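A.B. asks: Sequence first, predicted coordinates after that:
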Amino acid sequence: MNITRRQMLILLPAAAVAWESILAGTPESSPNYNLSEHWWGMLIDIPKCIGCGNCVRACQAENDVPDGYFRTWIERYHVTDSNLANPEVISPDGGKHGFPVAKEDKGKYFFVPKMCNHCAESPCTQVCPVGATFISPDGVVLVDQKYCLGCAYCVQACPYGSRYIHPQKRVADKCTLCYHRITKGLTTACCEACPTGARQLVDLKNPNDPIHAFLKTHAVQVLKPQMATGAKAFYNELDGSVR
Amino acid sequence: MQGVDGFMYPNEVQLQWSVLIVLYPFVTGLVAGAFILASLVRIFHVEAVRPTYRLAMLTALAFLLVAPLPLQLHLGHPERSYEMYLTPHRTSAMAMFGFIYLWYLMAVLVAEIWLDYRRDIVVMSQSVTGWRRWAYCVMTLGSSNISARALEIDDRVGWLITLIGIPSAFLLHGYVGFIFGSIKANPWWSSPLMPVVFIFSAMVSGIAAVMLLYMLAAGLRRQAIDVRCVDTVARYLLYIFIIDFSLEMLDLVHRIYEADESFRSLDFMIHTKLFFSQIVLQIFAGTLAPIALLGLTQVVKLPDLARKRIYAIAGCLTLIGIFAMRWNVVIGGQLFSKSFLGYTTYKMGLITREGLLMTVLLSLLPLFFLWVLVKLLPPWYEKQDTLTVVG
């Protein structure tokens, strides 16, 4: 078979795309995905987080998140005896490229990955004037971007700073818990990219999910429990200084 | 990061609600306040302020016509705003905006102004010529009966509409306060007092605006200012201002005494980023100074000219103070992090969609509308009484 140079130039990119697809693997087929059988959340194991920023980069690549905005980010806390109430917190570029080396020996350092808490009683969906943001029956807070007015009321109502107005689309944007992936049986991009397993997608309606055993045996907390939002981002060993 | 002190959640650095959202409650406040002043005549029979009655109604209408524009300009997709009418989300305070706005515009203000002016409109539709004749003919809506019986019915219906209009005015602006006050994520906003404070500050700003416009119009028309009228308006302004200030101080004292987790953050903000707009402009220049000036006219017998000048200065200071109050609520509520660990900075654009120029234009637009309305429907009583009004 003779292949001309022109044909080769056309075939090469196509072959590259095909190879990429083979490497990525075939998503688990889930033709029978049933919304009512799931109640999604996220377990974040703080002692396991090393602040590498893989999750942030993976999220931005998977979801085409614009520069300067974050569907997930990592904060590094530095808590000493003297600043328990006002810890020193940094998150340079959302922790996307990791963190500078800590200089001070005093106190403790730890990383806290943040994201939308996919609250069951979410204040953001409550205030949306047209219902463009909503909670799916399987417990994921989503935004219908073809319907959103871009009023930013939901951004104001979120206690966790998880939302932003997309600078190009001019609508509310946020973590979707990689809904396009989890409904196909995959995990989220951030969980997949985490090298230490600090993030785990959990399905509270699945009796076989390890989350049930984990919740029984660990001190798990949600962020800002006083807000009573029914947050479903569960933090293991959450320090009291975390905001 | 530039403009950031301490730590902000990364998505918080840029403010979501700009100066246009400051303008929105300021404008609706003027509407509600002007209407309440008008209701003093209609419902509470305070005859001394009658010279301001029609001007107050037209002022309310002119400002209400502009009220949705800052919101529209702020939306990411203004072309979708009609969805709020078609599929309002019942749990959202903001979803009610369109309905409350339309109710207040059509069922209260336009209806009352039409009833009040119907006699004049009919007379003018028969006495003027050219395009204005057509304009007045359209405004009669086909109702040209100005018999004594018909006018009496107009008056009764107008009274009823004003009666409904008072709670509607409270609803219009109390609701704006509720939009902020119901956000539990933001301790600067989250307060049940917010709607009440908004209502009283609305009355203060609306009354001050109509008082100033009345004195300005009299000056432009080279007519004498009815001193008894402005004395009464100023007295009401003083009383309501004292209530408004007391409520705001109650909120402040409560926050200071309770000193919850947000207090350190908010306290720092007042002493730094909001010091000029809150302490200097809002409290001292915009509240204490006008209250002192208005109070002075109550305790010291001053000549008419001095009182009028004091009212003019107090009115201007009041409007500055109420605008500063809206600024401190809207912008101030976004300057601190919900982590209470840092602060950001508001950078206002100059010639942008939500910038300074647009704000100035939108602030002047109601005055242009008012000029058109005054030309069409002259609110001056001495002319209307003789039925020689020709706009």
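C.D. replies: On my side now, so go ahead. Numbers count the residues shown, from 1 in each chain, chains lettered A, B, ... in the order given.

A.B. asks: SS state for the closest residue to residue A:51 other than its chain neighbours?
C.D. replies: Spatial nearest neighbour of residue A:51, excluding adjacent residues (CB to CB, 6 or more residues apart in numbering or on different chains): residue A:111 at 4.0 Å. (C-beta placed from N, C-alpha, C; glycine too.) Following DSSP: H, G, I helix; E, B strand; the rest coil, we place residue A:111 in the strand state.

A.B. asks: and residue A:111, what is it in contact with?
C.D. replies: With contacts defined as CB atoms under 8 Å, 6 or more residues apart in numbering or on different chains, residue A:111 is in contact with A:46, A:49-51, A:74-77, A:95, A:99.

A.B. asks: Report pLDDT for the closest residue to residue A:221 other than its chain neighbours.
C.D. replies: Closest residue to residue A:221 apart from its sequence neighbours, by CB to CB, 6+ apart: residue A:238 at 4.2 Å. With respect to pLDDT, residue A:238 scores 97.

A.B. asks: cool, residue A:23 as well?
C.D. replies: pLDDT at residue A:23 comes out at 68.

A.B. asks: In the chain, which helix is the longest?
C.D. replies: Let's take chain A. Identified as the longest helix of chain A according to DSSP state H is helix A:5-24.

A.B. asks: my bad, chain B
C.D. replies: Every helix in chain B considered (DSSP H), the longest is helix B:148-181.

A.B. asks: Distance from the chain centre to the helix or strand just after it, please.
C.D. replies: The C-terminal neighbour of helix B:148-181 among helices and strands, as given by DSSP states H and E, is helix B:193-220. When distances are taken as CA atoms, centre = their mean, to the nearest Å, helix B:193-220 is centred 7 Å away from the chain's centroid.

A.B. asks: Name the residues of helix B:193-220 that are buried.
C.D. replies: Neighbour-count burial for helix B:193-220 flags B:194-215, B:217-218 (criterion: 16 or more other CB atoms under 10 Å in any protein chain shown).

A.B. asks: Buried ones in stretch A:129-140, by neighbour count?
C.D. replies: A:129-136, A:138-140.

A.B. asks: low-scoring pLDDT stretches of the chain, where are they?
C.D. replies: All of this refers to chain A. Residues of chain A that meet the criterion pLDDT under 70 lie in A:1, A:20-21, A:23-30.

A.B. asks: Correction: the question concerned chain B.
C.D. replies: Residue ranges of chain B with pLDDT under 70: B:382-391.

A.B. asks: And the strands in the chain?
C.D. replies: Picking chain A for this. In chain A, the strands defined using DSSP state E lie at A:40-45, A:72-79, A:88-90, A:108-115, A:133-135, A:141-143, A:164-165, A:172-173, A:199-203, A:220-221, A:233-236.

A.B. asks: Can you look at chain B instead?
C.D. replies: B:5-6, B:342-343.

A.B. asks: I'd like to know how far the nearest residue to residue B:133 once chain neighbours are set aside sits from residue B:380.
C.D. replies: Excluding its sequence neighbours, the residue lying closest to residue B:133 (CB to CB, 6+ apart) is residue B:125, at 6.2 Å. Residue B:125 is 19 Å from residue B:380, where distance means CB to CB, to the nearest Å.

A.B. asks: so residue A:51 touches residue A:98, yeah?
C.D. replies: Yes - contact criterion CB atoms under 8 Å: residue A:51 and residue A:98 qualify, at 6.1 Å.

A.B. asks: Which residue of those two possesses the greater neighbour count?
C.D. replies: residue A:51 (20 against 17; other CB atoms under 10 Å in any protein chain shown).

A.B. asks: Stretch A:124-134 spans what distance, first to last residue?
C.D. replies: 8 Å (CA to CA, to the nearest Å).

A.B. asks: How about the contacts made by residue B:315?
C.D. replies: B:208-209, B:211-212, B:215, B:237, B:290.

A.B. asks: so who does the nearest residue to residue A:147 once chain neighbours are set aside touch?
C.D. replies: Once flanking residues are discounted, residue A:147 sits nearest to residue A:132: 4.1 Å by CB to CB, 6+ apart. Applying CB under 8 Å, 6+ apart, we find residue A:132 in contact with A:143-145, A:147-149, A:171-172.

A.B. asks: closest point of the stretch 151-300 of chain B to chain A, which residue?
C.D. replies: residue B:185 (3.7 Å; CB to the nearest CB).

A.B. asks: and that residue, how many neighbours?
C.D. replies: If you count neighbours by other CB under 10 Å, residue B:185 ends up with 20.

A.B. asks: How about the one 3 residues further on?
C.D. replies: By other CB under 10 Å, 22 other residues sit near residue B:188.

A.B. asks: just residue A:52 next, same as before
C.D. replies: Residues near residue A:52, counting by other CB under 10 Å, number 19.

A.B. asks: I'd like the distance between the nearest residue to it once chain neighbours are set aside and residue A:57.
C.D. replies: Leaving aside its sequence neighbours, residue A:52 sits nearest to residue A:98 (CB to CB, 6+ apart; 5.8 Å). Separation of residue A:98 from residue A:57 (CB to CB): 10 Å.

A.B. asks: Then residue B:50?
C.D. replies: With distances taken as CB to CB, residue B:50 is found 70 Å from residue A:57.

A.B. asks: Ok, residue B:232 next?
C.D. replies: 68 Å.

A.B. asks: next one: residue B:208
C.D. replies: 55 Å.

A.B. asks: And residue B:136, by the same measure?
C.D. replies: 68 Å.
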